[in-house]
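In: One predicted model, sequence on top.
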Amino acid sequence: MSPRLRLLAFLLPAMLCGAAWAGPQRLDDDELAQVRGADGVSFAVRLQLNRPDDGSIGDSRLTIGQTVDGRTTYTVLKNVGGLIQMVGLNISAQTAGDGTNYLALTLPAWTKFTDTGFESLSVQADPRGPVTDSLGRITLNGELQMQGQLRLWSH
């Protein structure tokens, strides 16, 4: 008999016991409130927006229209994009000192920006027209470290 078959013959009876087939159990609200987990769920994020891997930049636009006194103008952000990497985002259920439950969202411990921002900002009548005047541009390159939580209570 091969080592795999011997291991399967040893483990199969244990895997087929009644506890393995018990399935999920329904909990009432009081029992559910007593359930405790570990540290919640942690995330690492890599957001690559309008920046192909070859480093090229297309012609993308984010437009916001506003109408004032019957006249519509558009704020146009040209070539919005970049690469944002974040580590240390965490979501967890917590209990405050007074016994109330809340959801804790930790700020990312480390964030890196690579060519993140927009090429130009303009206000114009035609959102698809050429950008002839720019009110500025933003480009972020660097790293950021944060600490703290955003706490959310439901009512």
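Out: It's in.
In: buried ones in stretch 82-100?
Out: Judged by neighbour count (16 or more other Cβ atoms under 10 Å), stretch 82-100 contains these buried residues: 82-86, 88-90, 92. Just so you know, the C-beta spots here come from the backbone N, C-alpha and C atoms, and that holds for glycine as well.
In: What segments of the protein are strands?
Out: 41-49, 61-68, 71-78, 81-95, 101-106, 110-118, 120-124, 138-145, 149-152 (DSSP state E).
In: Of all those strands, which one comes closest to Gln25?
Out: Taking Cβ to Cβ, strand 81-95 is the member of these nearest to Gln25, at 19.6 Å.
In: Could you give the bridge partners of the residue most central in space within the chain?
Out: In the chain, the residue lying closest to the centroid (Cα atoms, centre = their mean) is Val45, at 6.3 Å. Val45 forms beta bridges with Met86, as assigned by DSSP bridges.
In: measure it to Ser122 for me?
Out: Look at Val45 and Ser122: by Cβ to Cβ, to the nearest Å, they are 30 Å apart.
In: Do you know the pLDDT at the residue nearest to the centre of the chain?
Out: On pLDDT, Val45 comes in at 91.
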